[in-house]
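> next one to model:
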Amino acid sequence: MPGYDPFDSGFLADPYPVYRHLRENDPVHRCTGGEVPPFWALSRFDHVWDAVRDTETFSSAQGLTFVPDEIGKLGLAPTIVMLDPPRHGQLRGLIGKGFTPRRIAALEDTVRRFVNQRLDLLETKKRDGEEIDLHRDFSSPIPTFTLAELLGVPESDRWRFDPWVEALTALQNSGFDVARMSAPDAVAEMFGYFSDLITKRREDPTDDLIGTLVRVESDGELLTDWEILGFCFVMVAGGNDTTGNLITHTVMVLDGDHAQREQLLADADLIPTALMEVLRLEGSVQGLARTVTRDVEIDGVAIPEGDKVMMLYGSANRDDREFGETAEQLDITRQIPRHIGFSSGPHFCIGSHLAKLQSRVAIEELYRRFPAAGVDVERGERIRSSFTRGWVSLPAVL
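So this is what the prediction gives:
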């Protein structure tokens with residue numbers, strides 16, 4: 001059994017055998033000899049669950065990867081996901097006043113119209129005998145459109161999003177090797193664009209999310225331009241690709257079990273449960289790191305203060321200690337009291353309700369048009385990332 005190497009192409013193609021080996025034999029694993037300084041990896045559910053909820057010991061303030069000084073390399077001040085309580089909670093509370101479930105729910109009809117426009121495109125391509133790419137033609141454009149709509153980006157400017165997302169994803173996948181990437185230019189362009197948009201919203205308020213956030217106040221405190229910019233960065237960098245990959249993975253996983261797909265087609269009320277089961281099995285975020293603020297012991301292993309610890313969500317969510325003997329199997333009726341697909345604790349994904357809405361609508365409408373929708377995995381191209389799991393391209397079979 002090969003060891004855990006987050007840069008190994010074989011591991012990235014199928015990490016699950018390695019995860020299984022770690023859970024059973026080396027649940028608090030010391031990673032050495034790779035492309036980055038040594039770090040630790042937690043693979044069992046209880047260890048990861050407890051760690052992500054203990055923000056006093058496992059801090060996000062030094063970044064979310066095992067790469068040293070990732071924040072400094074990008075030339076950024078910390079965003080909301082790189083802050084610890086109490087400031088994290090204060091900022092999240094302010095943002096939450098604008099980023100409400102009601103605001104997200106109001107997007108449903110708009111998202112559904114866009115999803116059906118993409119499905120019209122798929123039908124045209126199918127009729128004309130053109131190849132259809134499920135991820136590029138369908139799944140990926142949905143969160144790009146939704147996020148632009150939510151933030152109030154004019155339609156004439158929405159072409160900008162794809163290059164930003166592509167550059168930021170590539171930067172992450174490279175291990176934050178800024179010298180090889182164009183991401184700093186993309187970050188500067190994105191921040192410049194949203195800075196201008198925030199200025200416009202302060203001068204002429206609107207009802208979109210940025211227009212709302214510039215007016216949010218609590219105990220006399222308003223969000224600063226930087227805090228709103230940081231939130232925009234997190235949404236573009238973290239909420240775009242992950243949602244598209246959940247949609248694509250759902251079609252892929254159900255194409256591997258036609259009996260459960262038929263069960264879903266017969267009962268659309270199962271879609272929310274099925275989406276959470278797919279997120280558990282094929283998590284868009286496979287792992288993120290924290291830095292320990294004190295010496296800590298896990299399962300008899302001592303981790304020194306200042307070391308980075310990788311939380312392997314993708315492994316924890318398949319742990320049979322938590323999910324039983326069928327933990328690595330699909331069950332769209334599975335009741336899941338807790339899992340770490342959206343993390344947990346103070347850093348529970350602030351965009352989870354937006355991801356759920358988009359994914360549900362996409363799957364509802366896709367199967368309404370193409371009930372036998374499948375994919376050609378052998379011809380697909382996966383992203384190469386130590387932190388996320390998903391697709392660059394995945395041909396559809398409709």
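
> gap between Ala355 and Leu275?
Computed as C-beta to C-beta, to the nearest Å, the Ala355 to Leu275 distance reads 9 Å. In short, each C-beta sits where N, CA and C put it, glycine included.

> and stretch 111-120, average pLDDT?
Across stretch 111-120, the average pLDDT comes to 98.

> with stretch 292-308 instead?
Stretch 292-308 comes out with an average pLDDT of 97.

> and that stretch, end to end?
7 Å (C-alpha to C-alpha, to the nearest Å).

> same question for stretch 119-139.
Using C-alpha to C-alpha, the gap from the first to the last residue of stretch 119-139 comes to 10 Å.

> which ones are touching Thr105?
For the record, residue 105 is Ala, not Thr. Leu357 (C-beta atoms under 8 Å, 6 or more residues apart in numbering).

> coming back round to it: which residues are common contacts for Ala355 and Leu275?
Common neighbours of Ala355 and Leu275 (C-beta under 8 Å, 6+ apart) are Leu246.

> residue contacts, Glu364?
Contacts for Glu364 (C-beta under 8 Å, 6+ apart) come out as 268, 271.

> what's the answer for Arg44, then?
23, 27, 299, 315-316, 319, 321.

> if we go to 10 Å?
Applying C-beta atoms under 10 Å, 6 or more residues apart in numbering to Arg44 gives the contacts 19, 22-24, 27-28, 50, 298-299, 312, 315-316, 319, 321-322.

> and what of Gly93?
Listed by C-beta under 10 Å, 6+ apart, the contact set of Gly93 reads 216, 218.

> any idea which helix or strand carries it?
Per DSSP states H and E: Gly93 is located in helix 87-96.

> after that helix, which helix or strand is next?
Counting by DSSP H and E, what follows helix 87-96 is helix 101-105.

> using CSV, write out every CA atom in that following helix.
Output of helix 101-105 as CSV, limited to C-alpha atoms (Å, rounded to 0.1, in the frame of the first residue of the first chain):
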residue,chain,number,x,y,z
PRO,A,101,-31.5,31.9,3.8
ARG,A,102,-34.4,34.1,2.6
ARG,A,103,-32.1,35.9,0.2
ILE,A,104,-30.8,32.5,-1.1
ALA,A,105,-34.3,31.0,-1.4
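
> what's next to the following helix or strand past it, contact-wise?
For helix 101-105, the following helix or strand on the C-terminal side (DSSP H and E) is helix 108-127. With contact meaning C-beta under 10 Å, 6+ apart, helix 108-127 is reached by 104, 107, 130-134, 137-146, 149-150, 247, 354, 357-358, 360-366, 368-370, 373, 396, 398.

> narrow those to those that are buried.
104, 107, 132-134, 137-146, 149-150, 247, 354, 357-358, 360-363, 365-366, 370, 373, 396, 398 (16 or more other C-beta atoms under 10 Å).

> restricted to strands, list the residues you listed.
Ala396 (DSSP state E).

> so the residue most central in space within the chain is in which element?
Central residue of the chain (C-alpha atoms, centre = their mean): Thr242, 3.5 Å from the mean position. For Thr242, the host element (DSSP H and E) is helix 241-255.

> which helices and strands does the helix or strand where Val187 lies pack with?
Using DSSP H and E, Val187 sits within helix 183-203. Helix 183-203 sits against helix 70-74, helix 161-173, helix 209-213, helix 225-239, with contacts defined as 3 or more C-beta pairs under 10 Å, 6 or more residues apart in numbering; DSSP states H and E.

> okay, those in TSV with distance to Asn116 and mean neighbour count next?
Output for the helices and strands packed on helix 183-203, formatted as TSV (distance: least, C-beta to C-beta, whole Å; neighbours: other C-beta atoms under 10 Å):
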stretch	distance to Asn116	mean neighbour count
helix 70-74	38	16
helix 161-173	20	19
helix 209-213	24	21
helix 225-239	22	21
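
> adding distance to Asp269, write the ones you listed out as TSV.
TSV is the format used below for these (distance: least, C-beta to C-beta, whole Å):
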stretch	distance to Asp269
helix 70-74	42
helix 161-173	32
helix 209-213	30
helix 225-239	26
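
> wait, what's in contact with Asp54?
So Asp54 contacts 290, 292-293, 296, 345-346 (C-beta under 10 Å, 6+ apart).

> in this structure Gly33 contacts Phe39, no?
No - with contact defined as C-beta atoms under 10 Å, Gly33 does not reach Phe39; the gap is 11.5 Å.

> which of those two has more residues huddled nearby?
Counted by other C-beta atoms under 10 Å, Gly33 and Phe39 do not tie: Phe39 has more neighbours, with 22 against 7.

> please verify my assumption that Ile95 contacts Leu222.
No - if you go by C-beta under 10 Å, Ile95 and Leu222 don't touch, sitting 11.9 Å apart.

> and for Leu223, the neighbour number?
For Leu223, the number of neighbouring residues by other C-beta under 10 Å comes to 22.

> before we move on, what about Ala186?
21.

> name the nearest residue to it, ignoring sequence neighbours.
Ala167 (3.5 Å; C-beta to C-beta, 6 or more residues apart in numbering).

> likewise Gly96?
Ranked by C-beta to C-beta, 6+ apart and with sequence neighbours excluded, the top spatial neighbour of Gly96 is Ile350, at 7.4 Å.

> how close does the one you found get to Val296?
Applying C-beta to C-beta to Ile350 and Val296 gives a distance of 27 Å.

> can you check Pro38 too?
From Pro38 over to Val296 the distance is 16 Å, taken as C-beta to C-beta.

> next, Val309: secondary structure please.
strand (DSSP: H, G, I helix; E, B strand; the rest coil).

> wait, isn't it in contact with Ser43?
No - if you go by C-beta under 10 Å, Val309 and Ser43 don't touch, sitting 11.3 Å apart.

> shared neighbours, the two?
Common neighbours of Val309 and Ser43 (criterion: C-beta under 10 Å, 6+ apart): Val28.

> which of the two has more neighbours?
Comparing Val309 with Ser43 by neighbour count (other C-beta under 10 Å), the higher total belongs to Ser43, at 29 against 23.

> wait, that one touches Ala51, no?
No - Ser43 is not in contact with Ala51 according to C-beta under 10 Å; the separation is 11.5 Å.

> now do the shared contacts for those two.
Joint contacts of Ser43 and Ala51 (C-beta under 10 Å, 6+ apart) are 311, 316.
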